[in-house]
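K.L.:
From the sequence below, what's the structure:
(chains A and B)
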Amino acid sequence: MAEVILENICKTYGNNFHAIDQLNLSVEDGEFLILVGPSGCGKSTALRMIAGLEDVTSGSLRIGGVDVVDMPPKDRDIAMVFQSYALYPHMTVSENIAFSMRLAGKPKAERKKRVDEIAKTLQLTSLLDSKPANLSGGQRQRVAMGRAMVREPAAFLMDEPLSNLDAKLRVQMRAEITSLQKQLGVTTIYVTHDQTEAMTMGDRVAVLKGGVLQQVDTPKRLYESPVNAFVAGFIGSPSMNLFEATLMGDELTVGAFAIRLQNAAFGRRPGLKSYAGRKVVFGIRPEDLYDSNLESGRKYQTIPAKVTSIEELGSEHIVHLSIDAARVDSGDPDAVQDFGMASNAVAKFEPVSAVRSGSEIRLALDDTKLHFFDPETHLAI
Amino acid sequence: MTRQKRSRHRLKRTVAPYLYLSPSLVIIGLLMLLPMVTVISYSFQNSAVLRRDSSFAGLKHYQAIFADPVFWASLWHTLYFTCISVIFHMTIGMIFALMLNSDRINPTLRNILRVLYILPWLFTAVIIAVIWRLLLEPNGVVNSILMQLGIIGSKIEWFSSPETALHAVTFANIWAGYPLFMVSLLAGLQGIPKDFYEAADIDGAKAYQKLIFITIPQLMPIIISISLLDFIWTMQVFPLIWITTGGGPIYSTEVLSTYTYKLAFSSYNLSQAAASAVVILLISLGLTLFYIRYQKAR
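P.N.:
Sure thing, here's the model as predicted:
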C-alpha cells in the first residue's frame, strides 16, 4: 500500500496537443480517489501515465515514495482494471486471475491457493473453470477485479470499469467495488465520466477539464462549494441552472424579474458586494427549485416560469422550464442538451406536483442555495 | 386463405431456396462432380479412354501403383514438400506479420516492406519457376554469392542434383507461398485488442511470453484454418515442380501430381493415372473433412 503523488505532470503529444497540463495530485495511502471529467479531459491519459502505459512528458510521479517516471509498468507495483476488462478469452477464469503469478514463475499449488482465496472473496468459486465468453458482464467485471487483486499491489488503477454494464448492474457493482476497496484498504484511483459514480464511490473526487485539474475535494464539498461554473455544472444531475443577472443592491435583476438576496448571502461571500451594479452569474440546482403550490415551496420567494415539458420518474418529476433569463454555458462539452428552443432551466419537483406542460407557474427558489460566479472567469465568488 | 392456397404457398417457400441454388449446383455438378466421378470410374477400368469397350479391372490399378516404388517415393516427396512448405510458410508469414504490425518500425518503412513482402504473391507459378531456375543455375546468383561468402567451395547444381533438388523446389515454393500466411496473420494481429498487451505489460510479461500466452492463442483459429488450406493446396502443386525439375533428376522431386501427370500423358496409362489421382483426392478429402469439422466446431 502506498500514496501516489503527481507533481507538475504534463503530457504533450507530437502535434503539440497538451493532454495534461501541470497536474498536481496527491492520493493518500488507502484512499479512493476518483478522476472525473468529460470525454477528452485527460483523465484516462493521467491514469495510463500512472500505470506506465503512457510516457510522462514532464513532471514527477511517485508511488510509495519511489519515483516511477522511468520505470516500466511491471515494476510500479500497481494493478489495473481496464474498461474492456482485458480478460484473455482463451483462458479460464482461474487462468486469467493467476496469469501474473504464472508469469512470475510461482508454483502451481501457490497459484491455486491464492486464486481460491480471491475467488471466495469475489464469489467466483463456481466459475473458475469457465471461459470469459460464458460469463455475464458483472461476473467478468469481478474476474477483472480478481486479476488485479492477485498481485496485492500498492495501488489499484481502474479505467471506467463499469461503463460496459447495464444501469442496474452498475449500481450493484458500484457498491461492490466500494466495499471491496474499503475491505482491502488499497490506494485506488478510479477514472469515470459518470458523475454519479464519482459522487457515490470516492473519498475524494478530482475534476478535470481540458487536461487541467479544476478541483479536488470530497463529493459533498464539490456539490456544495464548486470552485467554478464548470464544476458546478458537471457535478449534479440534472446540471445546475446557470444564468446571467445584474446585482442591484440586494437584488439580482434577471430579465423581467428580480430575486431578493438575504444579508446572509453577502455574509457568506464577502466578494459579492464588489459586483454591485455589475453582471454576475448565478446558479441554482434543480433540487433547490420548488413548485410554489406545494407545501415544500411555500416559504420561498417565487419567479415566473413556463413549463415546457415534464419527465415523470415516479419518485420525482424533472420539469423543464422556460425562464426569462440568459442561460450561461458551464463549459461541459458532454452536457446533455436537454434544453430545447423553449426551455432553459430544469427543476426537480415532488411527484405530487400538479404542474402541466404548457402552463405558466410561479417557481419557488431557495435563495440560500444560490451559487455565484464571475461572468468573465467563471470562478466562484 | 384456403387450405389449398396455404399448401401451395408452403410448397413455394420450400422450393424457392433450391431454385436459387440450382444454377451453381448445375455448374458444380457438370464441372466438378462429373469429372470426379468419371476419373474414379476410369481407375476401375482397363484401358480407360483409350478403348471404347474398356472392361472392369477391379482394384488392379491400385495394386499396380501401390507396388510401384516411384509412387511411394512420390508420396514421401509430396509429404516432405508439403509439410516443410506449410511449416515455413507459417513461420516466415508470422515473423513478417509481427514485423509489419510492430510500432517500433517506422510507418514509411513498414509500408515499403509490406509491398516487398507481398511481391511473391503477385507472380504466377511459371514466373516463380523461371526466376528460381535462373537464380539457382550453376552459374546463377545464388551459387556466386555463396561461393564469395565461402559457404560453398564449388558450384552446386541445385535443381539437377538428386541430393538438393527436392530441397530447392521446396525452398522456391516456400518463397512463393508465405504471403498468404503473412496477410492473414497480419489481419489477425490487428484484431487483437491492445488492452491484452497492456494488461500483460502491467502483469510483467516479457515479449516472448506475450507471444506465447496472447498472440499465438489469439491467432490460433487463423493459423489452423490457413495451415489446413495451405496443406491442401500445396499437396496439389504441379507447375512449379514441372517447370523447375519435371520430377527429376531420377525421380528425386517426383510428387503425386507429377507422377500422375506422367502416367497419363507420358505412359498413356490413363487408368493407373486415374487411380493415382483418386489417391490424391482421398488424401485431400481427408484434410478437407478435417477442416470442415474444425470450422464447425468453432
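
K.L.:
does stretch B:96-110 come close to chain A?
P.N.:
No: Stretch B:96-110 is not in contact with chain A by C-beta under 8 Å from any C-beta of the partner chain; minimum separation 12.5 Å. To be clear about C-beta, it is placed using only N, CA and C from the backbone, and glycine gets the same treatment.

K.L.:
Where does the prediction get shaky in the stretch 1-150 of chain B?
P.N.:
Residues of the stretch 1-150 of chain B meeting the criterion pLDDT under 70: B:1, B:48, B:50-51.

K.L.:
actually the stretch 151-298 of chain B, not the one I wrote
P.N.:
If you take pLDDT under 70 as the line, the stretch 151-298 of chain B has these spans: B:298.

K.L.:
make it 80
P.N.:
Along the stretch 151-298 of chain B, the model assigns pLDDT under 80 to residues B:153, B:248, B:294-298.

K.L.:
ok, which stretches of it are helices?
P.N.:
Counting by DSSP state H, counting those that start in this stretch, the segments of the stretch 151-298 of chain B that form helices are B:165-190, B:194-203, B:207-210, B:216-235, B:239-244, B:256-265, B:270-297.

K.L.:
which strands and helices sit next to the shortest one?
P.N.:
Using 3 or more C-beta pairs under 8 Å, 6 or more residues apart in numbering or on different chains; DSSP states H and E, the elements in contact with helix B:207-210 are helix B:194-203.

K.L.:
what about the helix it packs on and chain A, any contact?
P.N.:
Yes: interface with chain A: helix B:194-203 contributes B:Asp195, B:Phe196, B:Glu198, B:Ala199, B:Ala200, B:Asp201, B:Ile202, B:Asp203 (C-beta under 8 Å from any C-beta).

K.L.:
Name the member of the residues you listed with the most neighbours.
P.N.:
B:Ala199 (29 neighbours; other C-beta atoms under 10 Å in any protein chain shown).

K.L.:
what's the nearest residue to that residue if we skip its chain neighbours?
P.N.:
Counting by C-beta to C-beta, 6 or more residues apart in numbering or on different chains, A:Ala86 is the residue found nearest to B:Ala199 once chain neighbours are left out, at 4.0 Å.

K.L.:
what about the stretch 251-381 of chain A, any weak spots by pLDDT?
P.N.:
Applying pLDDT under 80 to the stretch 251-381 of chain A flags residues A:263-265, A:331-343.

K.L.:
what helix or strand does the nearest residue to B:Tyr178 once chain neighbours are set aside sit in?
P.N.:
Nearest non-adjacent residue to B:Tyr178, counting by C-beta to C-beta, 6+ apart: B:Ile92, 4.2 Å away. In the assignment (DSSP states H and E), B:Ile92 maps to helix B:69-101.

K.L.:
Render the CA-only coordinates of whatever helix or strand comes next after that helix in CSV, please.
P.N.:
Next in sequence after helix B:69-101, counting helices and strands by DSSP H and E, comes helix B:107-122. The C-alpha atoms that make up helix B:107-122 are tabulated as CSV, following Å, rounded to 0.1, in the frame of the first residue of the first chain:
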residue,chain,number,x,y,z
PRO,B,107,5.5,3.6,-40.6
THR,B,108,7.0,4.5,-44.0
LEU,B,109,9.4,1.6,-43.9
ARG,B,110,6.6,-0.6,-42.8
ASN,B,111,4.6,0.4,-45.9
ILE,B,112,7.6,-0.3,-48.2
LEU,B,113,8.2,-3.7,-46.5
ARG,B,114,4.5,-4.6,-46.8
VAL,B,115,4.8,-4.2,-50.6
LEU,B,116,8.1,-6.0,-50.8
TYR,B,117,6.9,-8.9,-48.7
ILE,B,118,3.8,-9.4,-50.7
LEU,B,119,5.6,-9.4,-54.1
PRO,B,120,6.0,-13.3,-54.4
TRP,B,121,2.2,-13.5,-54.3
LEU,B,122,1.9,-11.4,-57.4
